[in-house]
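Novice: A structural model of the following input is requested.
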Amino acid sequence: MARNCVIFDLDGTLADTSGDLIAAANACFSGMGEAVRLDPVADAAIAVRGARRMLTEGLTRAGRYSDAAVEEWFPRFLDIYGEAIDVHTRMYDGAVDAVEALRAADYAVGICTNKPEALAETLLQRLGVRDLFGSLIGADSGPTRKPDVAPYWASVDQCGGRRSASLLVGDSDTDRNTARAAGVPCVLVTFSPEGQAVRTLDPEALIDHFDELQGAVGQLIGRP
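Specialist: The predicted structure is shown next:
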C-alpha cells in the first residue's frame with residue numbers, strides 16, 4: 001500500500017557537498033592551465049548548481065569560456081570529483097535524525113537529485129546513509145531531470161510513495177519549480193548556500209533546521 005511520501009534533493013539539502021565540488025572544479029582549471037579558482041565559501045551557491053555551472057563560471061572569469069571547453073571538461077570533472085567525493089562533504093545538522101524520524105512515522109522517503117545517479121549512490125554509501133532512502137533517482141536515471149516532473153514521480157513510485165500525498169524538500173528554484181509542476185508542496189531549507197534567498201520562491205514551507213521538518217510535513221501532507 002502506498003504511503004505518504006517525502007522526497008529530498010541531495011546537494012545543498014541533505015548534504016553540504018560544495019567543498020568537494022569546488023575542489024574538483026579547481027582541479028579542472030589547474031589542468032587547463034588556468035589560474036582562476038572558485039572560492040569554497042563565496043562560490044558555494046554556484047557549486048550546488050552543478051559541474052557545468054562551475055566550469056562556465058570559472059572559464060568566464062578567466063575570459064576563456066566556450067561551450068566546447070565546458071563539454072570537454074565535464075566528464076573529466078566527474079572523474080576527478082568521483083575520486084574525492086567525500087573529503088569535505090557532510091550531512092547537514094539534524095538531517096539523519098529527521099529522515100530516521102520520518103521513517104519511524106511510516107513515511108516513504110526517497111531522493112531525487114540532479115547529480116548523476118552513480119555519484120549520488122557512491123556519496124550516500126560513503127556517508128553511511130544509503131539504506132535510509134527507499135529510492136534514488138539521479139540526473140541520468142531517465143531521459144529528463146528536474147525541474148521536469150518525471151524524475152520526481154519516479155522517485156515517489158520507487159520508494160512506495162503515494163503521489164497525491166507527497167512533497168519535495170529542496171534548496172533551490174529547481175526544486176520549487178519541480179514541485180510546482182507536479183502540483184505538490186515544496187519545503188525549502190534556508191541553511192544551504194542559497195540561504196535566506198529561497199524565501200522569495202514562496203514555497204509552502206521553509207525550515208531553518210531539520211528539527212522543524214516533521215512538523216512541516218505533517219501540516220502539508222498529513223500523517224500516515
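Novice: could I get the one helix or strand in the chain whose mean pLDDT sits lowest in CSV with only the CA atoms?
Specialist: In the chain, no helix or strand scores lower on mean pLDDT, DSSP states H and E than helix 44-47, which sits at a mean of 95. Output in CSV follows, covering the C-alpha atoms of helix 44-47 (Å, rounded to 0.1, in the frame of the first residue of the first chain):
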residue,chain,number,x,y,z
ALA,A,44,29.3,27.7,-2.6
ALA,A,45,26.0,28.6,-4.2
ILE,A,46,27.5,28.1,-7.6
ALA,A,47,28.8,24.7,-6.6
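Novice: Tell me the spacing between the residue lying farthest from the centre of the chain and Pro143.
Specialist: Residue farthest from the centre of the chain, counting by CA atoms, centre = their mean, is Gly33 at 30.1 Å. Separation of Gly33 from Pro143 (CB to CB, to the nearest Å): 36 Å. C-betas here are computed from N, CA, C, even on glycine.
Novice: beta partners of Ile111?
Specialist: Ile111 forms beta bridges with Phe8, Leu136, as assigned by DSSP bridges.
Novice: That one touches Ala120, doesn't it?
Specialist: Yes. Counting by CB atoms under 8 Å, Ile111 touches Ala120, with 7.0 Å between them.
Novice: Overlap in contacts, these two.
Specialist: Leu10, Leu136 (CB atoms under 8 Å, 6 or more residues apart in numbering).
Novice: More neighbours: those two, which one.
Specialist: Neighbour totals were compared for Ile111 and Ala120, and Ile111 leads with 29 against 26 (other CB atoms under 10 Å).
Novice: Please tell me how far that one sits from Ala35.
Specialist: As for Ile111, its distance to Ala35 is 37 Å (criterion: CB to CB).
Novice: now Pro75
Specialist: For Pro75 relative to Ala35 (CB to CB), the value is 23 Å.
Novice: next SSE after the longest helix seen in the chain?
Specialist: What stands out as the longest helix in the chain, according to DSSP state H, is helix 67-83. Using DSSP states H and E, the helix or strand that follows helix 67-83 in sequence is strand 90-91.
Novice: mind checking how far that following strand is from the chain centre?
Specialist: Relative to its chain's centre, strand 90-91 lies at 12 Å (CA atoms, centre = their mean, to the nearest Å).
Novice: Show me what it is packed against.
Specialist: If contacts are counted by 3 or more CB pairs under 8 Å, 6 or more residues apart in numbering; DSSP states H and E, strand 90-91 sits against strand 15-16.
Novice: Off-centre distance for the strand it packs on?
Specialist: 8 Å.
Novice: And stretch 189-204, by the same measure?
Specialist: On CA atoms, centre = their mean, the centre of stretch 189-204 falls 14 Å from the chain's centre.
Novice: So this structure: which segments form each domain?
Specialist: Domain segmentation of the chain under automatic domain parsing yields 3-16+89-221, 18-83.
Novice: what's the first-to-last distance across the shortest one?
Specialist: Right, domain 18-83. End-to-end distance of domain 18-83 (CA to CA, to the nearest Å): 15 Å.
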